[in-house]
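[1] Kindly generate the corresponding structure for this input.
(chains A and B)
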Amino acid sequence: ETGVTQTPRHLVMGMTNKKSLKCEQHLGHNAMYWYKQSAKKPLELMFVYNFKEQTENNSVPSRFSPECPNSSHLFLHLHTLQPEDSALYLCASSQVDLGGNEQFFGPGTRLTVL
Amino acid sequence: GNSVTQMEGPVTLSEEAFLTINCTYTATGYPSLFWYVQYPGEGLQLLLKATKADDKGSNKGFEATYRKETTSFHLEKGSVQVSDSAVYFCALSETNRDDKIIFGKGTRLHILP
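    Just a heads-up that it's a prediction; the model follows:
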């Protein structure tokens, strides 16, 4: 595997389910991110992990719970979601000790909450 | 904080037309500037970047120049193809935060054959 991978690519869940999204980066980066992309809304940064420390939590509801066990893996645990949480969830990684700090994105998980 | 404003879409052009997508920014300090592209069903990919004033980023026939005097980073391509149909995001790095990028709202581009 190369780059940033995300599983599953598609997920349909009911409001009472618990599920997890997985992201893995194969680039040796030290920062990872979760973004939410909804139709007709700007890209929303949800969480940032820099050297495995969470450095950003943009007022995300507690029904979204991130976990970063090491610098290569990032999870987003989901429980009791709402239909308005249906969106494309994108994971990204970057190397923050270099200039330019470009981020590399995975293909996303398309989440539908029924 | 820093912010990015890019032109509203969708933009519809015929194949081989000239493309400009405008982007302006507000920032303190000296941010890096980026254009990302998102093809249907995929995540965002870095298209090009510039890290200081007057730098020109280029890739796949696309170009953008970091203009500090006009706080702009307009994306241009001389002759677009159907395969360029995608959503384009202008972005900049947050001042004093190496781990954060601010994205514009995106501009959807449709190229007609």
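[2] Look at the nearest residue to A:Asn58 once chain neighbours are set aside and say how many residues are nearby.
    Once flanking residues are discounted, A:Asn58 sits nearest to A:Leu45: 5.6 Å by CB to CB, 6 or more residues apart in numbering or on different chains. Every C-beta, even on glycine, is put in place using the N, C-alpha and C of the backbone. Using other CB atoms under 10 Å in any protein chain shown, A:Leu45 has 20 other residues around it.
[3] beta partners of A:Leu45?
    Beta-bridge partners recorded for A:Leu45 (DSSP bridges): A:Tyr35.
[4] Which pLDDT does the model give it?
    A:Leu45 carries a pLDDT value of 93.
[5] what does chain B have sitting close to chain A?
    With the criterion set to CB under 8 Å from any CB of the partner chain, chain B comes near chain A through B:32, B:34, B:36, B:41-46, B:49, B:51, B:89, B:93, B:98-101, B:103-106.
[6] and if we set it to 10 Å?
    Residues of chain B lying close to chain A (CB under 10 Å from any CB of the partner chain) are B:4, B:31-34, B:36, B:38, B:41-46, B:49-52, B:87, B:89, B:91, B:93-94, B:97-106.
[7] Mind checking which of these are buried?
    Buried subset of these (neighbour count, 16 or more other CB atoms under 10 Å in any protein chain shown): B:4, B:31-34, B:36, B:38, B:43-44, B:46, B:49-51, B:87, B:89, B:91, B:93-94, B:97-106.
[8] Which ones among the residues of chain B next to chain A lie within strands?
    Applying DSSP state E to the residues of chain B next to chain A, the entries found in strands are B:4, B:33-34, B:36, B:38, B:44-46, B:49-50, B:87, B:89, B:91, B:93, B:101-103.
[9] any chance you could map the strands in chain A?
    Using DSSP E, strands in chain A cover A:4-7, A:10-13, A:18-25, A:31-37, A:44-50, A:53-57, A:64-70, A:73-79, A:87-94, A:104-105, A:109-113.
[10] Now do the lowest-mean-pLDDT helix or strand in chain B: everything it contacts.
    The helix or strand of chain B with the poorest confidence is strand B:101-103; it has a mean of 91 (mean pLDDT, DSSP states H and E). With contact meaning CB atoms under 10 Å, 6 or more residues apart in numbering or on different chains, strand B:101-103 is reached by A:33, A:35, A:37, A:42-45, A:92, A:94, A:101-103, B:1-4, B:6, B:25-27, B:31-32, B:34, B:36, B:44, B:89-95.
[11] 8 Å - rerun?
    A:42-43, A:101-103, B:1-4, B:34, B:36, B:89-94 (CB atoms under 8 Å, 6 or more residues apart in numbering or on different chains).
[12] mind listing what it pairs with, with the direction of each?
    strand B:86-93 (antiparallel).
[13] how far off strand A:31-37 does the strand it pairs with point, in degrees?
    On the basis of axes from the mean of the first three to the mean of the last three CA atoms, to 10 degrees, strand B:86-93 is oriented at 130 degrees to strand A:31-37.
[14] Not counting its neighbours along the chain, what's nearest the closest residue to chain B within chain A?
    Among all residues of chain A, A:Phe105 sits closest to chain B, at 3.6 Å; criterion: CB to the nearest CB. Leaving aside its sequence neighbours, A:Phe105 sits nearest to B:Gly43 (CB to CB, 6+ apart; 3.6 Å).
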